[in-house]
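1. Dropping the sequence and predicted coords here.
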Amino acid sequence: MHRLSRSAPTARIACDSLVALPARTRAGTTIFAKNSDRPAAEPQPLMRAEAADHRPGSRLACQYVEIEQVPHTHALIGSRPAWLWGLEHGLNEHGVAIGNHTIFTRDPVPERGLLGMDLVRLGLERAASAAEAAQVIIELIERYGQGGSGYADTTWPYHNSFLIADAGSAFLLEASASRWALKALEDGGSASNHVSIGTDWTRLGHDTIEHAVARHWWPEPTGVRFDFARAYRSTELAPEILSSGRYATTCKALQEGSLDLPAVLRVLRDHYEGGDVYVGGTSADSERHFSVCMHADPVGTTTASMAVELEAGVKDATIYWAALCNPCIAPYMPLFVAAELPSELSSAGMERGTGQAWWRFKDLLTEVEKDPVRRGPYVRAFWNEIEAPLIDETRRAVDAFDAEPQRRRRQQTELVATTWDRISRALTELTSHVAQM
């Protein structure tokens, strides 16, 4: 049995993602989904950015480093830890979706560089396709490197992987410092918190093999295809049990195929034998303690979740389904890149404040975790009665939207506001009731 080391509370892990390309989905669309696992009390509000033009020679301040700005950046929507510039995951106006994940490798991580969250946002701002986004991130990693702490309360820099998709293609990019491996996904794939690209890479960084050979992580070339995971993966700080069960869960869902949105949302809420309901009671020595919907503070807790169906020819009408806090105690809400966000969804300070949706869902989670066996199933059933019809209603509304962009944008904004008002009132009712159970 693996046991977490004394340093495990600072050896934080983050995130699970999956993407199912058309051959794996019931409707022939691409479905991309991600859970962001962060410190349990770190709020993660939603954010939007409009498309923008920038002056030649202008600079851009990311979290720790300044880089050159590009002439044009695309509109996007995503989820942002409250103290950071970058995003955990998001979608842009061209139907490109990206999420990042902590991975552990043998290379040290510099104290300064681009955060994985910086790179997610930069990829969304600068790319009109999944292939272009992968190249944007690769070039930025090679030029500036990864680095800097990804946490506000401790110094913890880490390496990253990225799952990147559009309606017709998807890529897994894993990076160790400035070295990397890229894998084009044939019909889908998933990512967790370990290096998973072995000999099945599509492209490698120019000195990825040479770097591994020089450090005796890989023998001199002998005609055997280079194994990126074997050379670079480290389990010294993060035992396999931290990610093995979660990765197996998302891989199994993809292997079963014929996925649709409700099935993917169920995976994002997975608690092994508990299904889509958190019931607690597991030990940190067990793989079952670390589920796709994470409740494993201080190692990791799910603080935001997203899912999108990407369809060729459909971009500004793509629905961005977002859940705040743990998705097992929350509904997925429909949002759009072009639609304005209600202020309660886009505001959240590091301290609890009024009028902040993330903290309201956190309060509900706190109540559930006082008695998860009794309260968890009740909360999930409550939201299921709202979420299932909401998905159908939203799809019908989208089909009826006006073809003219500005009118369609107003309709999207109105739909988002109306839906949030409905969920907000339900959240108030539910939290009050659960606290008295």
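-> Received, thanks. Residues are numbered from 1 along each chain as shown.
2. Look at the residue nearest to Trp156 when sequence neighbours are not counted and tell me its secondary structure.
-> Closest residue in space to Trp156, ignoring its immediate chain neighbours: Ser149 at 5.3 Å, by CB to CB, 6 or more residues apart in numbering. Quick note: C-beta positions are derived from backbone N, CA and C, even for glycine. Under DSSP: H, G, I helix; E, B strand; the rest coil, Ser149 falls in the coil class.
3. Against Met117, how distant is Ser149?
-> 11 Å (CB to CB, to the nearest Å).
4. The two: which is more packed in?
-> Per other CB atoms under 10 Å, whichever of Ser149 and Met117 has more neighbours is Met117, with 26 against 17.
5. Please work out which residues outside the one helix or strand the more buried one maps to touch it.
-> Using DSSP states H and E, Met117 falls within helix 116-126. Helix 116-126 has contacts (CB atoms under 8 Å, 6 or more residues apart in numbering) with 49, 62-63, 70, 73-74, 76, 78, 80-81, 84-92, 96, 98-102, 114, 132-134, 136-137, 140-141, 146, 150, 158, 160, 162, 164.
6. OK, contacts around the residue nearest to Trp156?
-> Ser149 sits next to 111, 155-157 when contact means CB under 8 Å, 6+ apart.
7. Equivalent analysis for Ser190, please.
-> Per CB under 8 Å, 6+ apart, neighbours of Ser190: 16-19, 163, 247, 250-251, 254.
8. 7 Å instead, please
-> 17-18, 247, 250-251, 254 (CB atoms under 7 Å, 6 or more residues apart in numbering).
9. Check for me that it belongs to a strand.
-> Yes. The assignment for Ser190 by three-state DSSP puts it in a strand.
10. Report the buried members of the contacts of Ser149.
-> The neighbour-count criterion (16 or more other CB atoms under 10 Å) marks Pro157 among the contacts of Ser149 as buried.
11. In a markdown table: the contacts of Ser149, plus distance to Glu429.
-> Formatted as a markdown table, the contacts of Ser149 follow (distance: CB to CB, whole Å):
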| residue | distance to Glu429 |
| --- | --- |
| Glu111 | 47 |
| Thr155 | 42 |
| Trp156 | 39 |
| Pro157 | 43 |
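12. ok, so of the contacts of Ser149, who is nearest Trp359?
-> Among these, Trp156 lies closest to Trp359 (CB to CB), at 23.8 Å.
13. and the closest one, which of the three is it?
-> Of the three states, Trp156 takes coil under three-state DSSP.
14. Torsion angles phi and psi at it?
-> phi -150, psi 80 (degrees, to the nearest 10).
15. And the pLDDT at it?
-> With respect to pLDDT, Trp156 has a value of 86.
16. ditto for Pro9
-> pLDDT, read off for Pro9, is 39.
17. With Ser5 instead?
-> pLDDT, Ser5: 34.
18. repeat for Asp316
-> 81.
19. I'd like to know how many residues surround Gly198.
-> 16.
20. now it, what's its secondary structure?
-> coil.
21. Verify the stated contact: it with Ala229.
-> Yes. Gly198 lies in contact with Ala229 (CB atoms under 7 Å); the separation is 4.7 Å.
22. Could you identify the helix or strand that succeeds the strand ranked longest in the chain?
-> What stands out as the longest strand in the chain, according to DSSP state E, is strand 300-310. Per DSSP H and E, the first helix or strand lying C-terminal to strand 300-310 is strand 320-324.
23. For stretch 263-273, which outside residues touch it?
-> Contact with stretch 263-273 is made by 18, 31, 33, 35, 249-250, 253, 276-279, 288, 291-293, 305, 307, 327-328, 332, as judged by CB under 7 Å, 6+ apart.
24. This completes my enquiry, with thanks.
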